[in-house]
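In: Sequence and computational prediction follow.
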Amino acid sequence: MSQKHQTLGEFIIEHQSSFKYTSGELSRLINSIRLAAKVVNYEVNKAGLVDILGTAGDTNIQGEDQQKLDIYANEKFIQTLVNRNIVCGIASEEEDSFIAINSNDQNHQNKYIVLMDPLDGSSNIDVNVSVGTIFSIYRRLTPVGTPVQEKDFLQKGSEQVAAGYIIYGTSTMLVYTTGDGVNGFTLNPAIGTFYLSHPQMQFPEHGTIYSVNEGNYIHFPKGIKNYIKYCQMEEGDRPYTSRYIGSLVSDFHRNMIKGGIYLYPTSSKNPNGKLRLLYECNPMAFLAEQAAGKASDGTTRILDIAPTELHQRVPFICGSSAMVEKAEEFMHDTHSRS
């Protein structure tokens, strides 16, 4: 079949052997995410026309004001996943605790858990800048036939069976991996179908873009400050270009295509980092490694970190492998001298 016009559904069937569990399960999981993405995409695109912009007056578990679309996206993804009768539990950045889901026969037969950030970068909606959804899928640890428990969610990122994101930008794309490379699908809004548009996506080994909120520079650790100075020096192919959107999905997507590094380090304001290990860092790290990139907290591979709580935060450095290694070098040198 020609890759040029291959739909997401056709692609899943053709590549079912790359998913080590049954293909029907993967199809149902990705289909439920695809369906919810289309519904959320529709709302994101008409957000300026209706009263769905702005904050809802509530604050989520992270202490951030919840945008109305955050809540909507959260509800739609949960509702769609529950209806597919394949997920035994969902954890969302917008929920205090995990949601346990029984199978239709009430015997706890479902095997998968999904962790998600339903609307990443949602503060950008008011100003018409790209936002996204991030998802991460695991097999449960507890035996089938028993209720899901918190330990099912607290697995290392290296145990993920699939991960991906949807970017709601100038076009809507679904990008995902099952551990056999990264592929991107673009939505044709006229017929509501995702088509393979970016097969076998890969980070260039070297890039010339660095993405960091330089407004927090004064709060960063010395190693990160030194790396930023290195990016700005006139030498070789430097200075690098600074590009920071403030939406992890958008910054990651651009850097994967063009080559670059994304940094959200610890700071005096956020001593543990700001991004969540389970909802943001693990899925993006899985994608990065599958796309020949790298992701770490400055010293440790992200996918090797053992989670201790659902909303755990970690520092995050991710992107083209040579750039991440150079940033780690600066972190290591600073630690060695201190």
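Out: Now that the structure is in, tell me what you want to look at.

In: Okay, buried residues for stretch 253-268 please.
Out: 253-257, 259-267 (16 or more other Cβ atoms under 10 Å). (Each C-beta comes from the backbone N, C-alpha and C, glycine too.)

In: Report how far apart the opening and closing residues of it are.
Out: Terminal residues of stretch 253-268 lie 28 Å apart, using Cα to Cα, to the nearest Å.

In: Now it: average pLDDT?
Out: On average, the pLDDT along stretch 253-268 is 97.

In: Same check on stretch 191-206?
Out: Summarised as a single mean, pLDDT over stretch 191-206 is 96.

In: Go through that stretch and flag the buried ones.
Out: Buried positions in stretch 191-206, judged by neighbour count with 16+ other Cβ under 10 Å: 194-197, 201, 203-204.

In: Just these: which are in strands?
Out: Under the assignment DSSP state E, the buried residues of stretch 191-206 contribute 194-197 to strands.

In: between the residues you listed, which is closest to Val114?
Out: Distances from those to Val114 were compared by Cβ to Cβ; the smallest belongs to Phe194, at 18.6 Å.

In: Tyr217 versus the closest one, what's the distance?
Out: Counting by Cβ to Cβ, to the nearest Å, the separation of Phe194 from Tyr217 is 39 Å.

In: Next: Glu150.
Out: From Glu150 across to Tyr217, the span is 37 Å (Cβ to Cβ).

In: re earlier: I'd like to know which of the buried residues of stretch 191-206 is nearest to Ser97.
Out: Phe194 (31.9 Å).

In: which residues pair with that closest one across the strands?
Out: The bridge-partner assignment for Phe194, based on DSSP bridges, gives Leu187.

In: Quick check: it touching Phe185?
Out: Yes - here Phe194 reaches Phe185: they are 3.9 Å apart, a contact under Cβ atoms under 8 Å.

In: For Gln149, what are phi and psi?
Out: phi -130, psi 170 (degrees, to the nearest 10).

In: Is the closest residue to it other than its chain neighbours part of a helix or strand, or is it coil?
Out: Of all residues beyond its chain neighbours, the one nearest Gln149 is Thr142 (5.3 Å), with distances taken as Cβ to Cβ, 6 or more residues apart in numbering. The assignment at Thr142 comes out as coil when based on DSSP: H, G, I helix; E, B strand; the rest coil.

In: Any idea how many residues pack against Thr142?
Out: 16 (other Cβ atoms under 10 Å).

In: residues touching it, list them.
Out: Shown in contact with Thr142 (Cβ atoms under 8 Å, 6 or more residues apart in numbering): 148-149, 151-152.

In: same thing but at 7 Å, please
Out: Contacts were defined as Cβ atoms under 7 Å, 6 or more residues apart in numbering; by that measure Thr142 touches 148-149, 152.

In: Please spell out the PyMOL selection for the buried subset of those.
Out: The PyMOL selection below is limited to those of the contacts of Thr142 classed as buried (16+ other Cβ under 10 Å):
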select buried, resi 148+152
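
In: For the contacts of Thr142, could you give me a markdown table that also reports pLDDT?
Out: What follows is those, written out as a markdown table (pLDDT from 0 to 100):
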| residue | pLDDT |
| --- | --- |
| Val148 | 96 |
| Gln149 | 97 |
| Asp152 | 98 |
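
In: Nearest to Val324, out of the contacts of Thr142: which one, please.
Out: When the contacts of Thr142 are ranked by distance to Val324 (Cβ to Cβ), Asp152 comes first, at 29.8 Å.

In: before we move on, what SS does the closest one have?
Out: From three-state DSSP, the assignment for Asp152 is helix.

In: Hmm, Tyr112 and it touching each other?
Out: No - if you go by Cβ atoms under 7 Å, Asp152 and Tyr112 don't touch, sitting 9.6 Å apart.

In: For these two, list the residues in contact with both.
Out: Shared contacts of Asp152 and Tyr112, defined by Cβ under 7 Å, 6+ apart, comprise Arg140.

In: What's the separation between Leu174 and Ser242?
Out: According to Cβ to Cβ, Leu174 and Ser242 sit 28 Å apart.

In: now Gly132
Out: 21 Å.
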